[in-house]
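Peer 1: Give me a 3D structure for the following:
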Amino acid sequence: MPARLRPPAYARTVLRIIDARTGEPVHAAPARRGLTRVEVHAPGSDTTDLRVLLVADLLVRALELGGTPVWATLTGGHRQAELRAGAAVLGVRPFEDSPDVGAGLGEAQVIHVAGEAGAASDGVRIAVAPVWRAAPPEPGGDPAVLRLALLARHHSAPVRLEAAGLDDAGATLARWRSAVAQWARRPSRPVPDDVRGRLRAAWEDDLDVPAVLDVLRHVETDPDLPDGARFETYAYADRLLGLELTRDLGNPS
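Peer 2: Numbers count the residues shown, from 1 in each chain. A predicted model of the protein is given here:
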């Protein structure tokens with residue numbers, strides 16, 4: 001994997017991704033204010049195809065958090081209905097059907113998101129590594145567990161889903177949701193500037209979500225942070241992660 005350049009935590013950053021065609025970092029947002037179209041290519045409906053949609057979902061969320069208007073489209077195969085249903089369960093927001101939708105709306109850039117073996121395309125391309133599934137999904141389980149397990153690896157690195165990894169993701173998710181519900185009972189405090197900077201520097205560095213998760217682990221245990229700031233930090237990061245970390249607010253403990 002090409003080396004990624006990480007800006008200083010306090011610097012104002014711009015979302016950059018590694019273009020799979022060249023191995024070089026490029027800005028994901030256009031230089032001029034304008035629409036970015038995210039075009040997703042997923043020919044099947046297996047877990048690798050779902051990961052492609054998940055990475056596209058993260059890209060859209062990151063661009064929107066940076067103030068860039070986005071139009072997301074899906075070019076799927078013959079199992080598109082099954083793929084869309086699986087993506088919805090995973091918390092992926094819907095994509096438009098036609099890649100031509102959005103023409104004439106001030107579009108300035110197109111970013112293609114596809115598997116490593118996806119068809120070559122003009123324009124910036126994000127290549128998503130495959131998923132090997134050694135563990136069957138737990139019947140009736142929380143789909144956010146699978147989402148977190150997939151997020152725990154950078155999109156350029158293959159994922160092997162095994163029972164131990166899914167169990168670890170489930171335990172982490174349960175612990176964080178419980179902690180967020182407890183922190184919400186304390187007086188609110190803003191997200192510390194340095195923490196916000198580290199979160200943005202992570203996800204704006206080629207969507208480095210594992211680094212985002214590392215920041216949350218630090219915030220969870222930092223003795224100098226008030227609980228209100230922990231809550232606001234997790235709620236802010238979840239705008240990218242989509243793990244429903246505030247789901248248990250108001251539930252009796």
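
Peer 1: Quick one: list the elements packing against the host helix or strand of Ala85.
Peer 2: Ala85 is located in helix 80-89, with elements delineated by DSSP states H and E. The helices and strands touching helix 80-89, judged by 3 or more Cβ pairs under 8 Å, 6 or more residues apart in numbering; DSSP states H and E, are helix 47-65, strand 70-76. Bear in mind the C-beta positions are built from the backbone N, C-alpha and C, glycine included.

Peer 1: swap the cut-off to 6 Å and go again
Peer 2: helix 47-65 (3 or more Cβ pairs under 6 Å, 6 or more residues apart in numbering; DSSP states H and E).

Peer 1: Kindly provide the whole-number mean pLDDT of the helix it packs on.
Peer 2: Rounded to a whole number, the mean pLDDT of helix 47-65 is 96.

Peer 1: Can you check what angle separates that helix from helix 80-89?
Peer 2: Helix 47-65 and helix 80-89 are oriented at 60 degrees to each other (axes from the mean of the first three to the mean of the last three Cα atoms, to 10 degrees).

Peer 1: Quickly list what Gly76 is bridged to.
Peer 2: In this entry, Gly76 is beta-bridged to Ala42, by DSSP bridges.

Peer 1: my guess is it contacts Ala42, does it?
Peer 2: Yes: applying Cβ atoms under 6 Å, one finds Gly76 in contact with Ala42, separated by 5.5 Å.

Peer 1: Among the two, which residue is more densely surrounded?
Peer 2: Using other Cβ atoms under 10 Å, the more surrounded residue of Gly76 and Ala42 is Ala42, with 28 against 20.

Peer 1: Show residues contacting the helix holding Ala85.
Peer 2: Under the criterion Cβ atoms under 6 Å, 6 or more residues apart in numbering, residues 42, 45, 49-50, 53, 76, 143 lie in contact with helix 80-89.

Peer 1: Stretch 46-64 now?
Peer 2: In contact with stretch 46-64 (Cβ under 6 Å, 6+ apart) are residues 15, 36, 38, 40, 42, 70, 72, 83, 86-87, 90, 92-93, 113, 115, 128, 130-131, 133, 150, 155, 203, 207, 240.

Peer 1: Try it again at 7 Å.
Peer 2: 15, 28-29, 36, 38, 40, 42, 70, 72, 83, 86-87, 90, 92-93, 111, 113-115, 126, 128, 130-131, 133, 147, 150, 155, 203-204, 207, 209, 239-240, 242 (Cβ atoms under 7 Å, 6 or more residues apart in numbering).

Peer 1: Now restrict those to buried residues only.
Peer 2: Neighbour counting over those (16 or more other Cβ atoms under 10 Å) leaves 15, 28-29, 36, 38, 40, 42, 70, 72, 83, 86-87, 90, 92, 111, 113-115, 126, 128, 130-131, 147, 150, 155, 203-204, 207, 209, 240, 242 as the buried ones.
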